[in-house]
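Student: Okay, here's the prediction I keep looking at, along with the sequence it came from:
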4 protein chains.
Amino acid sequence: MSVDADRGRLVVAGDDRPGIVAAVSTFLFERGANIIHSDQHSTDLYDGEFFLRVEFELPGLAFQAADLERGFAPIAGRYGMDWRIVKAARRKRLAIFVSREDHCLLELLWQRRSGDLQADIALVLGNHESLATTVAPWNVPFHYIPVGPAAASKAAAERRQLELIEGAADVIVLARYMQILSPAFVDRWQNRIINIHHSFLPAFAGAGPYGQAYGRGVKLIGATAHYVTSELDAGPIIEQDVHRVDHRDTVDDLRRIGRQTERAVLARAVAWHVEDRILVHGNKTIVFS
Amino acid sequence: MSVDADRGRLVVAGDDRPGIVAAVSTFLFERGANIIHSDQHSTDLYDGEFFLRVEFELPGLAFQAADLERGFAPIAGRYGMDWRIVKAARRKRLAIFVSREDHCLLELLWQRRSGDLQADIALVLGNHESLATTVAPWNVPFHYIPVGPAAASKAAAERRQLELIEGAADVIVLARYMQILSPAFVDRWQNRIINIHHSFLPAFAGAGPYGQAYGRGVKLIGATAHYVTSELDAGPIIEQDVHRVDHRDTVDDLRRIGRQTERAVLARAVAWHVEDRILVHGNKTIVFS
Amino acid sequence: MSVDADRGRLVVAGDDRPGIVAAVSTFLFERGANIIHSDQHSTDLYDGEFFLRVEFELPGLAFQAADLERGFAPIAGRYGMDWRIVKAARRKRLAIFVSREDHCLLELLWQRRSGDLQADIALVLGNHESLATTVAPWNVPFHYIPVGPAAASKAAAERRQLELIEGAADVIVLARYMQILSPAFVDRWQNRIINIHHSFLPAFAGAGPYGQAYGRGVKLIGATAHYVTSELDAGPIIEQDVHRVDHRDTVDDLRRIGRQTERAVLARAVAWHVEDRILVHGNKTIVFS
Amino acid sequence: MSVDADRGRLVVAGDDRPGIVAAVSTFLFERGANIIHSDQHSTDLYDGEFFLRVEFELPGLAFQAADLERGFAPIAGRYGMDWRIVKAARRKRLAIFVSREDHCLLELLWQRRSGDLQADIALVLGNHESLATTVAPWNVPFHYIPVGPAAASKAAAERRQLELIEGAADVIVLARYMQILSPAFVDRWQNRIINIHHSFLPAFAGAGPYGQAYGRGVKLIGATAHYVTSELDAGPIIEQDVHRVDHRDTVDDLRRIGRQTERAVLARAVAWHVEDRILVHGNKTIVFS
């Protein structure tokens, strides 16, 4: 679906203070913007933090966004807000990191083409070459960047990855990418790296979650999309879902069933991110879905 | 959970016009109210209808609600809004209509006691006597009002029901009540009668939905809570849910499995109603859950 | 996953009579087969119908299946059974019928390649040309067979379709194929045509189910996979699922959300069919999932 | 629903050997039993373990169960099976252990009365007195057995509990019982103590799972029914389910939402246990649901 050039989003976070909603909505009204959706969350009744996402229509937004920002800055300053104004028509660009598994990658490619995912896929980076042929028919650049076990190889790979994505992508999606990124890399792209972990976190963090789940005999298996932090599988959770399994299912069955959950959960998380629906609060997310 | 005496809700519906959010939020700010949650929905980008529910804290609300209403009336007039201001501490009173099945009734009685349902149960009316003993330990009045097949008997029963509930209840809950209310009765309590139908409407409206579902061989059975209108099982849907069944399940199994879905769906619908989360728009509901 | 050449399935239906399980299991034991899974269903305690699916390992099955069938025939005759013995390694061949929507088709192509779907895709038939490019990279023949509104055009198209699939395919999958097949065609492929309908049947049969669902204001939208009969959208249901929607969702949103449910439901139904897990009983299915 | 006196169950576990199904089904056939349902599971293709549950009708079962057992013993011996024959009409007796929370207890009491739970509730033991009034109208004995922090108090309480339940109950249900039973107690009732833990295990084992879940920011909360072993919250999982939550939900909301999941999961687990549907295999369960 094509996005209206007049559609904008105002996203705000800060200390909760009386009058914020009135100040923001009055500003938008006076500028001629029509509020389409407005979502708000306060973490506490008093002295909490305040989160707001407003979606609005403003005729001519494309040509006056900078002016709008200048107008809003003093209001934001008065209330001490973190904020941004986003043109919905300015699609975010994804850099998708993959290894050998294709299901999450294919889901994003397909949702992009069908218009369900309002983003562009700028490039795909693989530490294996095997998905190059999968990507080929989609007219998306694929770069093969092998990552060896040595620290030097990892560092070189990250340098190459950063060269390719800096300025070319807005968000990194780890679509079953089986390498751990360095803390320095993660810090640089804070709250802009989305990973899919194939378990219902915090259960079964780390390697081989389906094997762990099988060993424990759980009756549901899950998948978790989260922002990556320097602590493995411990970043802010964006979305989770589960699927029922039973005693007949082998580890291979869990993998097969889990693939459906993984790709659905990851695709929802990416969609929410590129639509500016996710605000990070400490180690949690607020999702205005 | 006890409800704060300072907690209020402002619910608004009307034509969508620029500046409504600004006008409402500025009014609340100037009156010293702190907005806790705010939910808004517009049915169309332009020229649609506008629905708003604001939950706020206003110190001393108990003593100044009338004053607040007087203050808001001119704003509402300017924008042509339907509106109400509600004190959250003023719990709504339920009149629960039952026949022989107890599961929906028990769920409401239990959720009331546990504090999960923020309402009072004013009275229970049964067209059979059998649930009198079920109600007895809960300190809620039970009235047995038999309904015969003749029109005169039905009319007499409705007169007696209305005598008991007018002024004593705010909402009627048909908790598996197996009689059809007259159009005159329904009109009098428009959008204030909640029924639970034991199917996924619009499939299997009317009598014997589990038998119908069994006959059709569906793989999921459902339940639907809706406001009652004069057309049977066709009123605005509030909530629905389903549960998986398979070829081994008999009609009795469907009834047993369905009971869990029915009581959960009805309890959610009643909770949303008494918390003023439901707005009716034509034959649909907007639920700010 | 590659299928063991020794793996077989025995599927039985008939009047329930004492001793059937003993007769079948003794036969398999005496032939040297090891029972891996066994599922059984009787429709009534007495005088019902009996359904059985046994999955077994028999060393050398590939070379003695005919002999096994000859041995089983007298037992089947004694109990009046319908039955078949199937080599699991003999993959069923799908003919996929499509129109313009790609999501169900792609799901089957992906699941085929990943090995999740144990079938071959023999050919794709489209009444529009648009999906030819989608199919091209998959090394699967695509045939464009336009279907005009006139009866003669429909009949000619069906003749051409039958020419292509007879002997080349074992099952037809209508993957959002927007044409109605003639009763003669349907009879010829009885219980071997699987359709995905984009609603929770029996609600919203016929055209435009998402529009119908939107108009009714349902809170869940569904999809239904069923065998095609000559009565539109009324054949035996194989699988159904639903997804939650709310008042914010437009008809386009329902279509987008529904696509996920449609492809998942269809893929499960096709997988169960090709693994001989579905038995049809009147207008219902028994699914040994 | 009343259970037929002729209905029996044969439950078998042991090493998988060729011919077991034939031997068991031939035995039942020769004894005049009609197989209603039969579920089988083998853990591996070769050299695995074998689990079987057969539900059958045998006219006069009530009077010949002992004879049937004598007849089956040599077959069981030949194959080295663990086994039992159960009369379905012989309802299992529950001892329900509670603390202060009533929802799981009430669910079992309701399901018992409605006939959904095919068991008797022999007695309720509380380490607090507060649920005595809840139990009073149900004609079920309530025993108040306080448990102090000292080891001697715990030991005395367990002695008293054992005195009350030995011979009087077949299975112990910990319905939000907030005390830890000693290893000696647990061993004595191995695979006959069902606990409900208010998290999706193995996540959030131990105390305060809703607080832990809130702190981690999960998007689904769960409940887990499992057999109790001497390792806390680590026994074989019987059933799990989850419910969606979001950033608006406080810890109290998680508790409220979770209550629905807890009682449903526990009730399913208890129903499966009393219907002999659960077989324990190492630290996992096979559930023939």
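Tutor: Received, thanks.
Student: rest of the way, CA atoms for contacts and neighbours
Tutor: Will do.
Student: Could you tell me the per-residue confidence at the nearest residue to A:Gln111 once chain neighbours are set aside?
Tutor: Closest residue in space to A:Gln111, ignoring its immediate chain neighbours: A:Leu117 at 5.2 Å, by Cα to Cα, 6 or more residues apart in numbering or on different chains. At A:Leu117, the model reports a pLDDT of 96.
Student: any idea whether A:Leu117 is helix, strand or coil?
Tutor: The three-state label given to A:Leu117 by DSSP: H, G, I helix; E, B strand; the rest coil is coil.
Student: State the distance from it to chain B.
Tutor: Distance, A:Leu117 to chain B, using Cα to the nearest Cα, to the nearest Å: 21 Å.
Student: ok, the closest residue to chain B within the stretch 51-200 of chain A - contacts?
Tutor: For the stretch 51-200 of chain A, the residue closest to chain B is A:Glu57, as judged by Cα to the nearest Cα, at 8.3 Å. A:Glu57 makes contact with A:Asp6, A:Arg7, A:Gly8, A:Ala33, A:Asn34, A:Ile35, A:Ile36, according to Cα atoms under 8 Å, 6 or more residues apart in numbering or on different chains.
Student: ok, which of those residues also contact chain B?
Tutor: By Cα under 8 Å from any Cα of the partner chain, the members of these lying near chain B are A:Ala33, A:Asn34, A:Ile35, A:Ile36.
Student: and the first one, what is it in contact with?
Tutor: Remark: with contacts taken as Cα under 8 Å, 6+ apart, A:Ala33 is in contact with A:Phe56, A:Glu57, A:Leu58, A:Pro59, B:Pro18.
Student: Which residue, other than its chain neighbours, is closest to the third one?
Tutor: The shortest distance from A:Leu58 to any residue other than its chain neighbours is 4.4 Å, reached at A:Ala33 (Cα to Cα, 6+ apart).
Student: Check the gap between that neighbour and B:Ile75 for me.
Tutor: Applying Cα to Cα, to the nearest Å, the value for A:Ala33 to B:Ile75 is 20 Å.
Student: picking up where we left off before, out of the contacts of A:Ala33, who's nearest chain D?
Tutor: Nearest to chain D, judged by Cα to the nearest Cα, of the contacts of A:Ala33 is A:Phe56 at 23.1 Å.
Student: what pLDDT does the closest residue to the closest one other than its chain neighbours get?
Tutor: Of all residues not flanking A:Phe56 in the chain, A:Ile35 sits nearest, at 4.3 Å (Cα to Cα, 6+ apart). The model reports A:Ile35 with a pLDDT of 91.
Student: A:Ile35 belongs to a strand?
Tutor: Yes - applying three-state DSSP, one finds A:Ile35 inside a strand.
Student: isn't it right up against A:Val54?
Tutor: Yes - with contacts counted by Cα atoms under 8 Å, A:Ile35 reaches A:Val54, the gap being 6.8 Å.
Student: Could you check which of the two is surrounded by more residues?
Tutor: Here A:Ile35 and A:Val54 are compared on neighbour count by other Cα atoms under 10 Å in any protein chain shown; more neighbours surround A:Ile35, at 28 against 21.
Student: Provide a list of residues in contact with that one.
Tutor: A:Ile35 sits next to A:Leu28, A:Val54, A:Glu55, A:Phe56, A:Glu57, B:Pro18, B:Val21 when contact means Cα under 8 Å, 6+ apart.
Student: Could you tell me which of those are located in helices?
Tutor: Of these, the ones assigned to helices by DSSP state H are A:Leu28, B:Val21.
Student: wait, is A:Leu123 part of a strand?
Tutor: Yes - applying three-state DSSP, one finds A:Leu123 inside a strand.
Student: on that earlier part again, gap between the residue nearest to A:Phe56 and A:Ser25?
Tutor: Separation of A:Ile35 from A:Ser25 (Cα to Cα): 8 Å.
Student: do the same with A:Tyr227
Tutor: 30 Å.
Student: Nearest spatial neighbour of the residue in the stretch 101-250 of chain A that chain C sits nearest to, chain-adjacent residues omitted?
Tutor: Closest to chain C within the stretch 101-250 of chain A is A:Asp116: 6.7 Å, counting by Cα to the nearest Cα. Counting by Cα to Cα, 6+ apart, A:Asp116 lies nearest to C:Arg256, which is 6.7 Å off, once chain neighbours are set aside.
Student: ok, now A:Phe142?
Tutor: Spatial nearest neighbour of A:Phe142, chain neighbours left out: A:Val124 (4.8 Å); criterion: Cα to Cα, 6+ apart.
Student: And A:Ser182, by the same measure?
Tutor: Leaving aside its sequence neighbours, A:Ser182 sits nearest to A:Ser230 (Cα to Cα, 6+ apart; 7.3 Å).
Student: any residue of the one helix or strand A:Gln240 maps to up close to chain C?
Tutor: Secondary-structure element containing A:Gln240, defined by DSSP states H and E: strand A:237-244. No - Strand A:237-244 lies out of reach of chain C by Cα under 8 Å from any Cα, never closer than 12.5 Å.
Student: Which residues does the residue nearest to A:Val140 when sequence neighbours are not counted form beta bridges with?
Tutor: The shortest distance from A:Val140 to any residue other than its chain neighbours is 5.8 Å, reached at A:Leu123 (Cα to Cα, 6+ apart). For A:Leu123, the beta-bridge partners are A:Ala95 (DSSP bridges).
Student: From A:Asp249, how far out is A:Tyr214?
Tutor: Taking Cα to Cα, one finds A:Tyr214 at 8 Å from A:Asp249.
Student: Which residue of those two possesses the greater neighbour count?
Tutor: The residue with more neighbours, out of A:Tyr214 and A:Asp249, is A:Tyr214; 21 against 14, by other Cα under 10 Å.
Student: Rounded mean pLDDT for the host helix or strand of the more buried one, please.
Tutor: Following DSSP H and E, one finds A:Tyr214 within helix A:209-216. In this model, helix A:209-216 has a mean pLDDT of 97.
Student: Off-centre distance for that helix?
Tutor: Distance of helix A:209-216 from its chain centroid, counting by Cα atoms, centre = their mean, to the nearest Å, is 27 Å.
Student: Equivalent analysis for stretch A:274-284, please.
Tutor: Relative to its chain's centre, stretch A:274-284 lies at 8 Å (Cα atoms, centre = their mean).
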